[in-house]
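# fold the following for me, if possible:
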Amino acid sequence: CSTTLNESNLNLISILSVPQYRIQNTEIIMSEPNLEEESAALDGYFSDTPLDPKPQYPKLRETFETAVVITNLPKAPSAKVEKLTKVVTRLFSKIGTLASSENFTGVHMPTDATSGATLGFAFVEYTTAADAAQAVKSLTDYPFDKNHKLLATPYVRLVELAQLKEGEFAAPEPAPFVEKANTSTWLQDPSQRDQFVVRQDKETVVYWSDGKHDPAVDYDGKREKEAGVSWCEYYVQWSPGGSYLATMVPAKGVILWGGASFEKLNRFPAPGVQIVDFSPQEKFFLTSNNNRNDPEAIKIFSIESGKLLRAFPLFPKDFLPTDITPQERNQIPPPTFQWSHDDKYIARLGKDLISIYDTSTMKLLDKRSLTTDGIREFQFSPNANVLAYWAPEKGNAPAHVDIIELPSRKKLRQKNLFNVTKCSMVWQNEGTYLGVKVTRHTKSKKTLFNNLELFRLEDQGVPVEMLDIKDAVMAFAWEPNGSRFAMIHADNPNSTKVNVSFYDMNKVVTTTKNKKTETNIVKEVNLSHTLAGKQVNTLFWSPAGQNIIMASLGDSASGGLEFYDVSNKSLTVKEHYRANQILWDPSGRTLATVVSQPIGGGHFKFSMDNGYILWSFQGKQLYQASYETFYQLQWRPRKSLLTKQEKQKVLKNLKKYEKDFAKADKELSRSRDLESIKAKRALRTEFRARLARLREIRSRQKEQRVELYDGYDSDDDVNYIVKELQVETILSTKEEVV
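Down below sits the predicted model:
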């Protein structure tokens, strides 16, 4: 075999011993190989060890669980493809680790073969299936820009869709209709009764209460007892509208109950749950297990779908200071989440910021927190998307109270304060007023004094009135649905004798002109009256207003209760020894005073006082119950179904309604009396039947009884001596002078 080569190609030829080549001029002549020479050349090249190759290939992935397809991306021209690729790669890499390699970044955006423009979708691959699942959850409905909301779909799902056969669509059979429990049936009670739930020992019982008679059991978990399960192992919590009752089972989570027979509506996994907090409109609720090491200690659920929307650690990032001991860090309570009145927002305090989340996406509102140096406290308005917060002095900047409107973050009002030690904020329940109790100090910081900053939210410019208080203020409370407020104050915060003062945000001014009297309301804070020398430490307004409870609560307190009518200035004094909780029912007609112990708190030294007492709003005791272990009493909330105008109409025609209710009460009392009479007659009939049966038995045993008594018959009148005595008793006397 011979081949003709150019001289420039001669350097490509390796001179090998096998096969042998001889070069003559420009020809290569290959000679036959010599076996001996070939063997000598390869001597020592091969090993005598038998071949057993075991290649280490990477693990074969047989599924595409780590791949995600992102659609609804912008269609960028070829000149902007590189820039768009960098943006989306940076976005996708924030969720998890991309499966990048030497020639692959983990993101592939197909382009048009002709124009080079992107096609509006991308393939993304992560290193783990968990990261891919998180990407689907986080990127779905993510606002990439003003015109594009992303849609993330697992690649395996698209493969399934691609395998569907084309043909005529056949609608699936609808699931059988299952009627949901009516969670408002209790509001249709013809007697307009309220409900409350009691947790004692291993029992959880829901009672009816009408404010006149003993509580009646509505549901005591009978269904669950028969099934051998407990429907509550920890605390319970009503939703703000009373639609749901949440029972906590720490080993599993939260169970929601509702309907006329308290049916199980849903179960939510939240191991270790200790707290349940519903949103005001009952769309969401959050749970907390108070575990500082759990990155998902706080969970937010949707009540309707039952899905977990988002989870948070117990403390925000960098919230806890690093320059204190672990023991001191454990003493710092976690900041709580707060809901807006319409369920649109949920917010939590962080370090120098407030994180406000939009509940529709559970993401930060406008992708940023509300920042303020040193912010200490914030509160949502109960009736508007308005947020109030305060921050202390820092450097040359004074302390300040700010009122912010959401979502615009427009500052409605800012009040600067000086020499501030502490502030505490209290909203009136309609959001009309905001009271801020300011504790100030002198320049030496040795003397403290108080003043109140009172904001009028419904007036233009949100005017602020300052009320100077020379005394120390120990308690402050707004009258629900009114303009009055009450506060406890004294010269010394440790005083046993205190004063209780009542103020009104509006002043009634009467003027006479041309023999005509006019009454006008002036928006000005004025003192109504003061009660001096009281031994109380807490205030509890009735939900209906006008009546207030001034109480002395605590381990070292007397348990005194003072029922006070602020308008009529009438006072009734009662006592519930060791009471540690006071609870009004939603109507304001019944009050519960409670002595309770914590669950799992070990030995409770006041267990002999455990229980509750129900009182009328006038201070009359209605009912009392005692328990060895008593944990909780909670009234079922209910919102008023009447508008302000309708309430005013009721007050105007109160006499008419009084007659109707008096008639209804009379009928109810008559029906109760009839039931009581029927029960007594049934007991009397049963007693008479038992007595007749015993007499018959005694009659049959007469012969045996006489024989045992040696012929003596105790029933024979002959064996008795009968004496008749006459006793005269003067029942009444009457004297007439003639």
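# so, low pLDDT: which residues of the stretch 151-300 of the chain?
Nowhere does the stretch 151-300 of the chain drop to pLDDT under 70.
# how about the helices of the stretch 1-150 of the chain, start to end?
Secondary structure of the stretch 1-150 of the chain (DSSP state H, counting those that start in this stretch): helices at 35-41, 81-93, 129-139.
# give me the contact list for the last one.
Outside of helix 129-139, the residues that reach it under the criterion CB atoms under 8 Å, 6 or more residues apart in numbering are 65-68, 70, 92, 95-97, 124-126, 150-154. C-beta: built from backbone N, CA, C; applies to glycine.
# again, only using 7 Å
Residues outside helix 129-139 that contact it (CB atoms under 7 Å, 6 or more residues apart in numbering): 65-68, 70, 92, 95-97, 124, 126, 150, 152, 154.
# what's opposite residue 435 in the beta bridge?
Legend: beta-bridge partners of residue 435 under DSSP bridges are residue 426, residue 454.
# surely it and residue 476 touch.
Yes: using CB atoms under 7 Å, residue 435 is in contact with residue 476, at 6.1 Å.
# mutual contacts of these two, please.
Contacts common to residue 435 and residue 476, judged by CB under 7 Å, 6+ apart, are 426, 485.
# re the thing from before, which ones among the contacts of helix 129-139 are found in strands?
The members of the contacts of helix 129-139 that map onto strands under DSSP state E are 67-68, 70, 124, 152, 154.
# highest neighbour count among these?
residue 124 (29 neighbours; other CB atoms under 10 Å).
# and the contacts of helix 129-139, which is closest to residue 357?
Using CB to CB, residue 95 comes nearest to residue 357 of these, at 18.2 Å.
# residues contacting that closest one?
131, 134-135, 138 are the contacts of residue 95 under CB under 7 Å, 6+ apart.
# please redo it, this time with the cut-off set to 6 Å
Going by CB atoms under 6 Å, 6 or more residues apart in numbering, residue 95 touches 134-135, 138.
# with neighbour count and pLDDT as extra columns, can I get those residues in a markdown table?
Formatted as a markdown table, these follow (neighbours: other CB atoms under 10 Å; pLDDT from 0 to 100):
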| residue | neighbour count | pLDDT |
| --- | --- | --- |
| 134 | 16 | 90 |
| 135 | 23 | 92 |
| 138 | 17 | 87 |
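# what's across from residue 347 in the sheet?
residue 338, residue 356.
# can you get me a residue count around it?
With other CB under 10 Å as criterion, residue 347 counts 24.
# I'd like the next helix or strand past the helix of greatest length in the chain.
As assigned by DSSP state H, the longest helix anywhere in the chain is helix 654-700. The helix or strand immediately downstream of helix 654-700 is helix 702-708, counting by DSSP states H and E.
# for that following helix, which helices and strands make contact with it?
On a contact count with 3 or more CB pairs under 6 Å, 6 or more residues apart in numbering; DSSP states H and E, helix 702-708 meets no helix or strand.
# got the contact list for that helix?
residue 713.
# distance between it and the chain's centre?
Here helix 702-708 shows a centroid-to-chain-centroid distance of 76 Å under the convention CA atoms, centre = their mean, to the nearest Å.
# so for that helix, mean pLDDT?
Helix 702-708 carries an average pLDDT of 89.
# could you do stretch 423-430 as well?
Stretch 423-430 comes out at a mean pLDDT of 95.
# now it: buried residues?
Going by neighbour count (16 or more other CB atoms under 10 Å), the buried part of stretch 423-430 is 423, 425-430.
# out of these, the closest to residue 630 would be?
Among those, and counting by CB to CB, the member closest to residue 630 is residue 429, at 28.8 Å.
# you'd agree that closest one is in a strand?
No: if the criterion is DSSP: H, G, I helix; E, B strand; the rest coil, then residue 429 is coil and not within a strand.
# format the helices of the stretch 1-150 of the chain as TSV; extra columns: distance to residue 280.
Converted to TSV, these look like this (distance: least, CB to CB, whole Å):
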stretch	distance to residue 280
helix 35-41	92
helix 81-93	34
helix 129-139	27
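# okay, these, which one's buried deepest?
helix 129-139 (a mean of 18; mean count of other CB atoms under 10 Å).
# any idea which element residue 246 lies in?
strand 245-249.
# who touches stretch 485-504?
Under the criterion CB under 6 Å, 6+ apart, residues 469, 471-478, 483-484, 525-534, 539, 550, 566 lie in contact with stretch 485-504.
# check stretch 152-168 too.
So stretch 152-168 is contacted by 64, 67-70, 135-136, 139-140 (CB under 6 Å, 6+ apart).
# before we move on, which element is the residue sitting nearest the centre point of the chain in?
Centrality entry for the chain: nearest residue to the mean C-alpha point is residue 277, 0.8 Å, by CA atoms, centre = their mean. In this structure, residue 277 sits in strand 275-278 according to DSSP H and E.
# which other helices and strands contact the helix or strand following that strand?
Next helix or strand after strand 275-278 toward the C-terminus (DSSP H and E): strand 284-288. Using 3+ CB pairs under 6 Å, 6+ apart, the elements in contact with strand 284-288 are strand 275-278, strand 298-302.
# of those strands, which is nearest residue 387?
The nearest among the helices and strands packed on strand 284-288, by CB to CB, is strand 275-278 at 17.7 Å.
# so which elements touch that closest one?
When contacts are defined as 3+ CB pairs under 6 Å, 6+ apart, strand 275-278 sits against strand 284-288.
# please repeat the previous calculation with a cut-off of 8 Å.
Packing partners of strand 275-278 (3 or more CB pairs under 8 Å, 6 or more residues apart in numbering; DSSP states H and E): strand 236-238, strand 245-249, strand 284-288.
# can I get those strands in a markdown table with mean neighbour count and distance to residue 639?
Formatted as a markdown table, the helices and strands packed on strand 275-278 follow (neighbours: other CB atoms under 10 Å; distance: least, CB to CB, whole Å):
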| stretch | mean neighbour count | distance to residue 639 |
| --- | --- | --- |
| strand 236-238 | 20 | 12 |
| strand 245-249 | 22 | 16 |
| strand 284-288 | 22 | 17 |
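# the ones you listed into a markdown table, with extra columns for distance to residue 301?
Output for the helices and strands packed on strand 275-278, formatted as a markdown table (distance: least, CB to CB, whole Å):
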| stretch | distance to residue 301 |
| --- | --- |
| strand 236-238 | 13 |
| strand 245-249 | 11 |
| strand 284-288 | 6 |
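# and of those, who's closest to residue 622?
Among those, strand 236-238 sits nearest to residue 622 (CB to CB), with 21.4 Å.
# need the residues that contact the closest one.
Outside strand 236-238, the residues within contact range by CB under 8 Å, 6+ apart are 197, 199, 204, 244-248, 276-278, 632, 634-637.
# between those residues, which is closest to residue 346?
residue 277 (9.8 Å).
# neighbours of residue 561, how many?
Neighbour count of residue 561, defined by other CB under 10 Å: 24.
# could you dump stretch 550-560 to CSV, C-alpha only?
Extracted as CSV, the C-alpha positions of stretch 550-560 are listed here (Å, rounded to 0.1, in the frame of the first residue of the first chain):
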residue,chain,number,x,y,z
MET,A,550,-63.6,49.4,88.3
ALA,A,551,-61.8,46.4,89.7
SER,A,552,-58.9,45.4,91.9
LEU,A,553,-57.3,42.4,90.3
GLY,A,554,-54.1,40.5,91.0
ASP,A,555,-52.6,38.1,93.6
SER,A,556,-52.2,40.8,96.2
ALA,A,557,-55.5,42.6,95.4
SER,A,558,-58.8,42.2,97.2
GLY,A,559,-60.9,41.3,94.2
GLY,A,560,-63.2,44.2,94.7
